[in-house]
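[1] Pasting the sequence and the predicted model now:
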Amino acid sequence: MADSAPVRVARAARAGEGDDAAQSALIKIFARAAEFDGSRDALAWAVGIAAYECRTLRKTRARRREEPMNGAPERVEWRTPEDGAIDQDLIAAATDVLGGMRPLDVETLLAAAHGERDPSATFRKRLERAVGRFRKQWRTRHGAD
C-alpha cells in the first residue's frame, strides 16, 4: 500500500522522527477534518499539517536536548582544573601578543577567527601578513610556536 503525501513528507523529515511526525500529523488531520474548507486543496492542507508537525517535533526535541545542537560536540571530554589553567595562560599570552600589534592586524585576525573572511586577494594577503607578525611577536615573547 502506498503512503499518502503527508506521511511521505513527515517520513522524509529526518531518520528516527519521521514516523512520530507522521502519526501526529494523521491524528491532527482526522481530528480537524470538520474544519477543512472543501473549496480548497485537501493535499496542500494535509501536507501543511504534516510539515508543521515535523517542525514542532524538531523544536521539542531540541528544547529537551534529546539531540546535539548544531556544531556542538557529541561528547564532552573530561577536563581537569589544570587544563583550564593552561587554557587561561594561553589566552593571556595571546592577548598580550595581540596588545602589541597594529590595530589593523588585530582586526584582520579577529575577522578571520569569526569566519568573516573577505574572499579578495587583498584580505588573504593582509591575513597572511598579520599571522606572520603574530608568530614573530609570539616567538619574541615566548620563544616557541
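    Looks like it came in fine.
[2] State the helix or strand in which residue 24 lies.
    helix 18-31 (DSSP states H and E).
[3] helices and strands around that helix, which ones?
    Helices and strands touching helix 18-31, by 3 or more Cβ pairs under 8 Å, 6 or more residues apart in numbering; DSSP states H and E, are helix 5-13, helix 42-64. For the C-beta atoms, the positions are set from N, CA and C on the backbone; glycine is no exception.
[4] Report the buried residues of it.
    For helix 18-31, a neighbour-count test (16 or more other Cβ atoms under 10 Å) marks 18, 20-22, 24-26, 28-29 as buried.
[5] before we move on, back to that, from the helices and strands packed on helix 18-31, pick the one with the highest average neighbour count.
    Scoring the helices and strands packed on helix 18-31 by mean neighbour count under mean count of other Cβ atoms under 10 Å gives helix 5-13 as the most buried, with a mean of 19.
[6] so where's this protein uncertain?
    Along the chain, the parts satisfying pLDDT under 70 run over 1-18, 65-78, 144-145.
[7] Any idea how far stretch 79-87 is from the middle of the chain?
    Distance of stretch 79-87 from the chain centroid (Cα atoms, centre = their mean, to the nearest Å) equals 26 Å.
[8] same thing with stretch 106-122?
    Its chain's C-alpha centre and that of stretch 106-122 lie 20 Å apart, by Cα atoms, centre = their mean.
[9] what separates stretch 105-117 from the chain centre, distance-wise?
    Distance, centroid of stretch 105-117 to centroid of chain: 20 Å (Cα atoms, centre = their mean).
[10] wait, stretch 127-139
    Relative to the centre of its chain, stretch 127-139 is centred 30 Å away, using Cα atoms, centre = their mean.
[11] Same question for stretch 81-92.
    When distances are taken as Cα atoms, centre = their mean, stretch 81-92 is centred 26 Å away from the chain's centroid.
[12] which parts of that stretch are buried?
    Result for stretch 81-92 [16+ other Cβ under 10 Å]: no buried residues.
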